[in-house]
Structures are given as structure tokens and as C-alpha cells.
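Visitor: test case, fold it:
(chains A and B)
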Amino acid sequence: MVLNNIEKLLEKYENGETTLQEEQVLKNYFLQGTVAPHLEVYKPMFTYFMVNQQEQFTKDVPLKTTRKFNYKWISVAAVAVLMLGVYFKMASTNNLGTIKDPEMAFKEVSKSLEMISKSLNKGTATVGYLNEIDKGTATLGYLNEIENTTQIIFKSNN
Amino acid sequence: MTQQEFLNTVMPFKDKVYRLAKRLLVSTEEAEDATQEVLLKLWNNKKKIQEYKNVEAFSMTMTKNFCFDKLKSKQAQNLKIVHSNYEEKNLPLQKQVELHDSVSWVSKIIEELPEQQRMVIQLRDIEGYDFNEIADMLDMNNTAVRVSLSRARKTIREKLTNTHNYGIK
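Guide: Numbering: from 1, shown residues only, chains lettered A, B, ... in the order given. Down below sits the predicted model:
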């Protein structure tokens, strides 16, 4: 009787018409041990389903609450830096290094002017070497003489 | 949604996600990666979780799509030869012994089934979902699920009978 029932269920099962409860009945039947010899074929199938049901996912998932970086704060920082820059700029423009005492001022100015003239002289001294070039070109003039003589020689040949 | 709440919603079905991934991708490592990826995607979209009708079905669909993407991607194609090796990484000797066992024949037979039938068998016979849920997860209609389930079951039974009777594949 039970066997008859199981066979019917198996047929329905293969047609995909069994309900979940009926499938559970089948599973229980095949897993309880003694199975009719001609139905032995189904046993590994249900055993496999059973075994696979127990497989578990063991790897853990890194669930980090990564707060997203808020780009608004970048603009705030930029404004702060800008303000600081402007502040320091203002502070430094107040002190230009003005000298109140006229005698001191004259000394300072003459000192710096002297420095300028010294450096300028250094520059002109090196320009003196240009004279050497003039000398060189003067000696080149002798080449003309050679040309003259060669012309004379060629003429006489002609 | 706090981490604890999220874990409470996700924990009950994370193994199902993993098993479905494994059914499709075969190798354990790939399936683990896929599961992790799916769970992380859920976590990153945790604000939207309340809007989903059925988080479990949604995750299963996500897993299915993710695995298909994986299978289609270039990487999977390159690794194809390696794929079957992967699986036997743990306890190869035991596996070899088991090959004579008819239970592992079932796994071999299932691996040979078309992807859709594999998924249906997985969801119905192993996870025990009802037809409506499966249809929802796989974007199929009810009848189509029934048909492919029936085909899969018949194929498994026929092949098992063959090995049983003649001791051949």
C-alpha cells in the first residue's frame, strides 16, 4: 500500500506535479533506510539533495560601514586657506621698511646705489675683451694682400 | 539599517545564495566570491532593501544574473580548462573514491544539465521553494518551471538507471 503510494508520487514527481509536502514524503521514504529494490535508483538522487542542502557558506563578508567622503568639506577647507592667505598678505603690506630718519635714508640709498654701480663695472670690464676681436679682424686684412698676389700670378699665366 | 538588522535579513538565505552560485559556477572558490559579491552589493544598497517585496527572491535573482555574467565574462572563458580542476582541490583522493559512489554520479549528472534545469533542480529539490517563487526568481512562467523541472528529474533518473543497470556512464 505504502509502496503503491510512493510509486504514484514518483510518477507525479517526474512530471513536476508534486507539491512540496508530497516531495517531503518521498524524501523521507528514500532516506529512512529500506527501499524497495526496483526503486533503489532514486535513492542516490534524494541522498544527494539532502547532502547538498547542508552545505554552508563559511567565508565572512567584510561589511564595513565606509562613510563616504563628503566633498563639501573640501570647499570649506579651500575657503579657510584663502582667508588665511589674504590675512597674511594684508599684514605684510603694512610694513614696507620705510626709514623715518632722512640721514639714515640717504646712507641706505647711497649704499645700494654703490652696490649697483660696482656690479655694473664688473659687467663692462668683461666687455673689454671685445677689443681682441677687432685686432683679429685687422690681421684678416692681410688676406687681401694674398689675393692681390694670386691675381697677379693668374693674370701672367693668361 | 544597522549591520545587525542587515545580518538578520541576510543570514537565513546566504547559504542558499552560495549553493545556487556553486550550482552554476561549479567551483567552490568562485561560488564563495560570487556570494560575497552579492552580499556586498546588498549591503551597499541597504537603503533600498525595504523597498523590495521579497529580499530573498531578489537576492537569488541577483545571484543568478551575477553568475551568468561571470560565466560569460572573458575571465571565465580563459579559465575553462582549469575549471574542472579547481573542484577537486580539497581531498582529491577521497573524491576519486567517491566517484564510484552513486551519489556523486548525481552531482556529475546535474553538472551536465543545461543551466536552467540545473537552477530549477537546485531551487526546488534542494532548497524547497515553491513554483511561484522560482518563477519569480528566474523570470520564467510557472509552466516553464514545471516543464524544465520535469525534464531535469527525468534525465537524472534515466542516467542513474543506466549507471545502475550497466555500470556505464
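
Visitor: low-scoring stretches of the chain, by residue?
Guide: Just so you know, I chose chain A. By pLDDT under 70, the weakly predicted segments of chain A are A:1, A:64-69, A:93-97, A:158.

Visitor: hmm, no, I was thinking of chain B.
Guide: B:74-102, B:164, B:166-169.

Visitor: could you list the domains of it?
Guide: With domains defined by automatic domain parsing, chain B comprises B:1-90, B:92-169.

Visitor: do the same with chain A
Guide: A:2-53, A:117-158.

Visitor: select the longest helix from the chain.
Guide: No chain was given, so I picked chain A. helix A:102-127 (DSSP state H).

Visitor: um, chain B though
Guide: Per DSSP H, chain B has its longest helix at helix B:142-166.

Visitor: buried stuff in that helix?
Guide: For helix B:142-166, burial by neighbour count (16 or more other CB atoms under 10 Å in any protein chain shown) applies to B:145-153, B:155-157, B:159-160, B:163. (Glycine included, C-beta is placed from N, CA and C.)

Visitor: filter those residues by proximity to chain A?
Guide: Among these, the ones lying near chain A by CB under 8 Å from any CB of the partner chain are B:145-147, B:149-150, B:153, B:156-157, B:160.

Visitor: chain B contacts on chain A?
Guide: Going by CB under 8 Å from any CB, the residues of chain A near chain B are A:13-17, A:20, A:23, A:40-45, A:47-49, A:51-53, A:55-57, A:59, A:61-63, A:65.

Visitor: what sits up against the helix or strand hosting residue A:147?
Guide: Residue A:147 is located in helix A:142-157, with elements delineated by DSSP states H and E. The contact list for helix A:142-157, computed with CB atoms under 8 Å, 6 or more residues apart in numbering or on different chains, is empty.

Visitor: CA atoms only: put that helix into CSV for me.
Guide: Only the C-alpha atoms of helix A:142-157 are listed here, as CSV (Å, rounded to 0.1, in the frame of the first residue of the first chain):
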residue,chain,number,x,y,z
TYR,A,142,96.4,90.7,-44.8
LEU,A,143,94.4,88.1,-46.6
ASN,A,144,93.6,90.8,-49.2
GLU,A,145,97.3,91.0,-49.9
ILE,A,146,97.4,87.3,-50.7
GLU,A,147,94.5,87.7,-53.1
ASN,A,148,96.2,90.5,-54.9
THR,A,149,99.3,88.5,-55.5
THR,A,150,97.4,85.4,-56.7
GLN,A,151,95.5,87.6,-59.1
ILE,A,152,98.8,88.9,-60.5
ILE,A,153,100.1,85.3,-60.9
PHE,A,154,96.9,84.2,-62.7
LYS,A,155,97.0,87.2,-65.0
SER,A,156,100.6,86.4,-66.0
ASN,A,157,99.6,82.8,-66.8
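
Visitor: run the chain-centre distance for that helix.
Guide: The chain centroid and the centroid of helix A:142-157 are separated by 74 Å under CA atoms, centre = their mean, to the nearest Å.

Visitor: count of neighbours near residue 35?
Guide: I'll assume chain A. 17 (other CB atoms under 10 Å in any protein chain shown).

Visitor: please go with chain B instead
Guide: 25.

Visitor: residues in contact with it?
Guide: Residue B:35 neighbours (CB under 8 Å, 6+ apart): A:57, A:59, A:61, B:14, B:17-18, B:21, B:63.

Visitor: as a check, name the ranges of all helices in chain B.
Guide: B:3-25, B:28-44, B:55-72, B:74-78, B:80-87, B:92-98, B:102-112, B:115-121, B:131-138, B:142-166.

Visitor: ok, which of these comes nearest residue A:121?
Guide: helix B:28-44 (75.5 Å; CB to CB).

Visitor: could you measure from the residue nearest the centre of chain B over to residue A:72?
Guide: Against the mean C-alpha coordinate of chain B, by CA atoms, centre = their mean, the closest residue is residue B:20 at 2.2 Å. To residue A:72, residue B:20 is 42 Å away according to CB to CB, to the nearest Å.

Visitor: repeat that for residue A:44.
Guide: 63 Å.
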